[in-house]
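Asks: I would like the atomic coordinates for the input below:
(one chain, ligands or ions: 2)
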Amino acid sequence: HPSNPQMEGYFGLRRANCRAKGGAPGFKVAILGAAGGIGQPLALLMKMNPLVSVLHLYDVVNAPGVTADVSHMDTGAVVRGFLGQPQLENALTGMDLVIIPAGVPRKPGMTRDDLFNINAGIVRTLCEGIAKCCPNAIVNLISNPVNSTVPIAAEVFKKAGTFDPKKLLGVTTLDVVRANTFVAEVLGVDPREVNVPVVGGHAGVTILPLLSQVNPSSSFTPDEVKYLTDRIQNGGTEVVEAKAGTGSATLSMAYAAAKFADACLRGLKGDAGIIECSFVTSAVTELPFFATKVRLGRIGAEEIFPLGPLNEFERIGLEKAKKELAESIQKGINFIRK
Ligand code: NAD
Ligand code: LMR
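Replies: Ligands and ions are numbered 1, 2, ... in the order given. Modelled structure (predicted):
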């Protein structure tokens, strides 16, 4: 019966096979944590992405309901649901891109690092599954603290012998999305016409907007620089406080994750000139991981761009960012090594 998600999977499989024969481009994408505050709207947005042919929705709760719901959308992607750890391997097998928003969110008064104890273990388990079932997939890691979960993922992949630094991407797109929005407000222009590089990491002072490199070239007063930097660095906390204990950014995050995933898929497809900021394995600073602009291509982050010229304010910010980042990165590495 069509209302039975199992049967939808069956019909979906036939459709997926037909499409593959037709040679239409399409990638297989899994969302881990798909029933969550980010996962649900992200599932909706990925179901709308014409580059996605198969969409796997995995969670430890409520995956069947979200799957049945999203699968009724009359867009191309075939949707399949997977519930609980025993189904993780089936959820991951054959995937080209795995997006991970699994884990607990902040409440007011917490830092992202306060989530480490719970989310580190979740990310480890999911990445062990990726290493086993789809070691060549691109991984978009959203779960906080990103500054530590990306190093955790790297260590898990290294241990399994599958680590490809080009394919592990920490998602910092929401920082760029916020920066574009807030800068556009100050400049009085459409945010779609503004691009603000945001480098460093994804927590407090490690979020470093490069206002001297805004495109199109713009100038700001010292007060505007301070206001914008503070607001961009604390954008997550602004939402956590407004949500008053019910969670953190989910809708703007799903938008940002879908934007970044789409960029990864266009890169995989072979489109040229796909450039986004991401927290990746990097030699741009002395730290093993750092967020800068990267060029996304057929094998992931194919080129990591340097920081470019920084002004005095940004150089001071960079030193603060590196200090905190170094500790968060080491904490992630130690979680797997020790
Ligand atoms: P949420 O609690 O609404 O959803 C999390 C989902 O993860 C839940 O459905 C839960 O069942 C699932 N989950 C828990 N353990 C799991 C496991 N072992 N395997 C699979 N799924 C599991 O939280 P949310 O608001 O969606 O946020 C999720 C994470 O994303 C948080 O850690 C949050 O801090 C982070 N986040 C990151 C950014 C970013 O910019 N990178 C932005 C916003 C939120
Ligand atoms: C964000 O930036 O919105 C996320 O990292 C969630 C949070 O805890 O702030």
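Asks: How many residues are close by the closest residue to ligand 2 within the chain?
Replies: Proximity of the chain to ligand 2 (CB to the nearest ligand atom) peaks at residue 236, 2.3 Å away. Using the backbone N, CA and C atoms, a C-beta is placed for each residue, glycine as well. Neighbours of residue 236 under the rule other CB atoms under 10 Å: 24.
Asks: how about the residues of the chain near ligand 1?
Replies: Neighbours of ligand 1 within the chain, by CB under 6 Å from any ligand atom: 32-33, 35-39, 59-61, 101-106, 115, 119, 122, 125-126, 142-144, 146, 171, 174, 202, 247-250, 253.
Asks: ok, for the residue in the stretch 201-338 of the chain that ligand 1 sits nearest to, nearest residue in space, not its chain neighbours?
Replies: The minimum distance from the stretch 201-338 of the chain to ligand 1, using CB to the nearest ligand atom, falls at residue 253 (3.9 Å). Take residue 253 and drop its neighbours on the chain: the residue closest to it by CB to CB, 6 or more residues apart in numbering is residue 38, 4.9 Å away.
Asks: which phi and psi does the one you found have?
Replies: phi -80, psi -40 (degrees, to the nearest 10).
Asks: quick one: it and residue 256 touch, right?
Replies: No - look at residue 38 against residue 256 with CB atoms under 8 Å: they stay out of range, at 9.4 Å.
Asks: between those two, who's got more neighbours?
Replies: The residue with more neighbours, out of residue 38 and residue 256 and counting by other CB under 10 Å, is residue 38; that gives 29 against 22.
Asks: Contact partners for that one?
Replies: Shown in contact with residue 38 (CB atoms under 8 Å, 6 or more residues apart in numbering): 101, 142, 250, 253-254, 257.
Asks: got the buried residues for stretch 321-338?
Replies: Using 16 or more other CB atoms under 10 Å as the test for burial, stretch 321-338 gives 321-322, 324-326, 328-329, 331-333, 335-336.
Asks: no no, stretch 183-200
Replies: For stretch 183-200, the neighbour count (16+ other CB under 10 Å) marks 183-184, 186-187, 191, 194-200 as buried.
Asks: can you dump the C-alpha coordinates of the helix or strand where residue 122 lies into CSV?
Replies: Per DSSP states H and E: residue 122 is located in helix 116-133. What follows is helix 116-133, C-alpha atoms only, in CSV (Å, rounded to 0.1, in the frame of the first residue of the first chain):
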residue,chain,number,x,y,z
PHE,A,116,31.0,17.8,24.0
ASN,A,117,30.4,14.9,26.5
ILE,A,118,27.2,13.8,24.7
ASN,A,119,27.9,14.7,21.1
ALA,A,120,31.5,13.4,20.9
GLY,A,121,30.3,9.8,21.3
ILE,A,122,27.4,10.2,18.9
VAL,A,123,29.8,11.6,16.2
ARG,A,124,32.3,8.8,16.8
THR,A,125,29.6,6.1,16.3
LEU,A,126,28.3,7.7,13.2
CYS,A,127,31.7,8.2,11.7
GLU,A,128,32.6,4.5,12.4
GLY,A,129,29.6,3.6,10.3
ILE,A,130,30.7,5.9,7.5
ALA,A,131,34.3,4.5,7.6
LYS,A,132,32.8,1.0,7.2
CYS,A,133,29.9,1.6,4.7
